[in-house]
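Enquirer: Predicted structure and sequence below. I'll ask about it afterward.
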Amino acid sequence: MISDIVRAIIQRIFRDKILMGLVIIGFLAIFMTGTQSSKEPPISGNGRNKEADKQVQGQAQGQFALEGIKGQEKKGQSASKGKQNLDRAAVPGGLKPGDAEEFVKWWIGGAMDFQIQTAEGNRQKAMIWMTPEAAEIFKNSFWNSDIKNGITSGSIVAAFHPVSVSATALNPDGSVVVHVKGSLVMQRAGEAYPNTEHLLTDYLVVKESEGFRIAGVHSKTYEQAAAPSSYY
């Protein structure tokens, strides 16, 4: 009975070409579906290159940022490297260059005061921190009778502008040379323009039982390079 039905269906399919075509298409569809993979399609060659480029670029940017941070740290560290080397070379228990530098920064605020109200008093206090020989040299250079009388009478107006203060040498005896760079601007009554001296001064700092002392002063002037003209 069943075989007769199947035979009749097959005969009908072969007689009807359209029906036979539909059956063939159905079998092909089932076959193609079974052969497809369930995995995601692979990234094309161009896609792989783009993804790799993004990863490399991100790594490079991160590396450059890290190098930039390291560079800033190195700059900050190198600024104080010289002072640290001098401090390490100091005699144990002796004067450290860094301390000598800070002492001169504090001391120079009063020693180079040219204000009419406070100059004389601050100068006397500053001399206490100098040996007699160094004090005499300092007075002849920056506080002689001409400058002193001019400042206290108001006929001279002056100001010292420090540019840098740095310890530059540690001597075998433990003394430290502190270098001060700055400009002394002075104008006398009746003069149309002030006079400016660019100074390089070395202070020899020693450590005594009473504290720090300035035991030597050596000053000289230098010519400052003129700014290039903007007119052509």
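Expert: The structure has been received and is ready for your questions.
Enquirer: What is the helix or strand hosting Ala100 packed up against?
Expert: Element membership of Ala100 [criterion: DSSP states H and E] is helix 97-111. Under the contact criterion of 3 or more CB pairs under 8 Å, 6 or more residues apart in numbering; DSSP states H and E, helix 97-111 touches helix 81-89, helix 119-127, strand 156-170, strand 176-188, strand 195-208, strand 211-221. Any C-beta I mention is one placed from the backbone N, CA and C, and that applies to glycine too.
Enquirer: What residues sit buried inside it?
Expert: For helix 97-111, the neighbour count (16 or more other CB atoms under 10 Å) marks 97-101, 103-104, 107-108, 110-111 as buried.
Enquirer: Turn those residues into TSV, including pLDDT and distance to Asp146.
Expert: Below are these laid out as TSV (pLDDT from 0 to 100; distance: CB to CB, whole Å):
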residue	pLDDT	distance to Asp146
Pro97	95	35
Gly98	95	37
Asp99	96	35
Ala100	96	31
Glu101	97	31
Phe103	98	29
Val104	98	26
Trp107	98	23
Ile108	97	21
Gly110	96	21
Ala111	97	18
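Enquirer: Can you tell me which of those lies closest to Glu133?
Expert: Ala111 (15.6 Å; CB to CB).
Enquirer: Quick check: that closest one touching Ala119?
Expert: No - counting by CB atoms under 8 Å, Ala111 sits too far from Ala119 to count as a contact (10.1 Å).
Enquirer: Select the helix or strand of this protein having the lowest average pLDDT value.
Expert: Averaged element by element with mean pLDDT, DSSP states H and E, the chain has its least confident helix or strand at helix 45-79 (a mean of 50).
Enquirer: Just want to check the distance between the closest residue to His218 other than its chain neighbours and Gly190.
Expert: In space, and not counting its chain neighbours, His218 is closest to Asp202: 4.7 Å by CB to CB, 6 or more residues apart in numbering. Distance from Asp202 to Gly190, counting by CB to CB, to the nearest Å: 34 Å.
Enquirer: more crowded one of those two?
Expert: Set Asp202 next to Gly190 and count neighbours by other CB atoms under 10 Å: Asp202 wins out with 15 against 6.
Enquirer: so what's the more buried one up against?
Expert: By CB atoms under 8 Å, 6 or more residues apart in numbering, the contact set of Asp202 is 168, 177-180, 216-219.
Enquirer: ok, now with 7 Å
Expert: If you count contacts by CB atoms under 7 Å, 6 or more residues apart in numbering, Asp202 has them with 177, 179, 218.
Enquirer: Okay, and the beta partners of the second one?
Expert: When you say that, I think you mean His179. Residues in a beta bridge with His179, per DSSP bridges, are Ser166, Asp202.
Enquirer: Distance-wise, check it relative to Gly211.
Expert: Distance from His179 to Gly211, by CB to CB: 21 Å.
Enquirer: if we can go back for a sec, could the contacts of Asp202 go into TSV alongside distance to Met186?
Expert: Formatted as TSV, the contacts of Asp202 follow (distance: CB to CB, whole Å):
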residue	distance to Met186
Val177	26
His179	22
His218	20
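Enquirer: show me what contacts the residue lying closest to Val178 once chain neighbours are set aside?
Expert: Computed as CB to CB, 6+ apart, the closest residue to Val178 that is not its neighbour in sequence is Val104, at 4.4 Å. The contact partners of Val104, taken as CB under 7 Å, 6+ apart, are 165, 178, 180, 203, 205.
Enquirer: Now the last one. Nearest residue, chain neighbours left out?
Expert: If you skip the residues right next to it in sequence, Val205 has Ala100 as its closest partner in space, 4.1 Å away by CB to CB, 6+ apart.
Enquirer: So what are the structural domains in this protein, by residue number?
Expert: Taking automatic domain parsing as the criterion, the chain consists of the domains 2-32, 47-79, 91-221.
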